[in-house]
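*Asks:* sharing a model that was predicted from the sequence below.
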Amino acid sequence: MKKDTRCVHSGTCRDPNTRGLNTPIYTSSSFEYLDTPENVYPRYFNTPNQKAIVRKLCELENAEDGLLFSSGMAAISSAMLSFLSSGDHVVLQKDIYGGTHHFVTAEFERFGIEYTFVSNRTADIEKAVRKNTRVVYIETPSNPLLLITDIAAAAQIARAADAISIIDSTFATPINQNPIALGIDIVTHSGTKYLGGHSDLCCGAVLTRKALADKISATAANLGGSLNAMTCYLLEAKPQCR
């Protein structure tokens, strides 16, 4: 299917009883879990409305799995903290969203996490890598200067260092670039911007491989940045490709 078609039809959760074309809004905060394969709960990122959006975004990003968050920063912070511990180091592109920059400078030092900001030139990214580098983080096109970083080269640098590569792909959206196909491990989005598109909701997303998504999910459940069913519905109902 073309991306326009996937935007509309992928991931939809259809009720077999009513046979409605749209995903129903499941407003429950509690679900029966005896004799079921999993304990469904909003903070566990596994409600029907959350899963419907993740399936749609996975189709668009060529990802295996992902999580939907209550903001772009919840997605970014949960992804980074899932792979960073005290004594670890992260290389970050310095021209990134201000909220991400502030998160790093305000929080990492007290957790004992080292960081280095560099230009978007891959030579500078590679030069900044250390033996304890666990994450390489880029953002392209950058917010707000729209600087372009070589995604494939940055992914290769991270892979050579046995580090996780993370990209904020918000400004491109899945319509214009698919970083996983270029070797990136984890794609994040602030869905508040173009995935929502109407300035009426706040959300974020992480798309990646199943194994990495499981690790992020374990951390994210403790941080609590899940999205409610009504906002999920509003996000799914948007004409994302127009």
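*Replies:* That came through, no problem.
*Asks:* let me see the contact set for the residue nearest to the spatial centre of the chain.
*Replies:* Nearest to the mean C-alpha position of the chain, counting by CA atoms, centre = their mean, stands residue 206 at 1.8 Å. Going by CB atoms under 8 Å, 6 or more residues apart in numbering, residue 206 touches 66-67, 69, 75, 78-79, 186-188, 213, 216. For every residue, glycine as well, the C-beta is placed using N, CA and C.
*Asks:* same check, this time on residue 148
*Replies:* 120, 140-142.
*Asks:* in those residues, find the pair that's most separated.
*Replies:* Within those, two members stand farthest from each other by CB to CB: 120 and 141, at 10.0 Å.
*Asks:* between those two, which contacts overlap?
*Replies:* 147-148.
*Asks:* residue 165 - that's part of a strand, no?
*Replies:* Yes - when DSSP: H, G, I helix; E, B strand; the rest coil is applied, residue 165 is found to be in a strand.
*Asks:* how about the contacts made by it?
*Replies:* Here residue 165 is in contact with 135-138, 154-155, 157-159, 183-186 (CB under 8 Å, 6+ apart).
*Asks:* most neighbours among those, which one?
*Replies:* Per-residue neighbour counts (other CB atoms under 10 Å) across the contacts of residue 165 peak at residue 138, which has 30 neighbours.
*Asks:* pretty sure that one contacts residue 154?
*Replies:* Yes - applying CB atoms under 8 Å as the test, residue 138 and residue 154 come out as touching, 5.0 Å apart.
*Asks:* what's the overlap in contacts for the two?
*Replies:* Contacts common to residue 138 and residue 154, judged by CB under 8 Å, 6+ apart, are 125, 165, 167.
*Asks:* can you classify the first one as helix, strand or coil?
*Replies:* When classified by three-state DSSP, residue 125 comes out as helix.
*Asks:* and it, how far from residue 154?
*Replies:* Here residue 125 is placed at a distance of 6 Å from residue 154 (CB to CB, to the nearest Å).
*Asks:* counting contacts, what elements does the strand ranked longest in the chain pack onto?
*Replies:* Looking across the chain with DSSP state E, the single longest strand is strand 133-139. Where contact means 3 or more CB pairs under 8 Å, 6 or more residues apart in numbering; DSSP states H and E, strand 133-139 is packed against strand 89-93, helix 151-160, strand 164-168.
*Asks:* of these, flag the one that's most buried.
*Replies:* Among those, ranked by average contacts under mean count of other CB atoms under 10 Å, first place goes to strand 164-168 (a mean of 26).
*Asks:* next helix or strand past it?
*Replies:* helix 173-176 (DSSP states H and E).
*Asks:* tell me the helix or strand right after that following helix.
*Replies:* Counting by DSSP H and E, what follows helix 173-176 is strand 186-190.
*Asks:* run me through the strand neighbours of that following strand, direction for each.
*Replies:* Strand 186-190 has the following strand partners under DSSP bridges: strand 164-168 (parallel), strand 204-208 (antiparallel).
*Asks:* immediately after the last one, which helix or strand?
*Replies:* Just to be clear, that refers to strand 204-208. Using DSSP H and E, the next helix or strand after strand 204-208 towards the C-terminus is helix 210-223.
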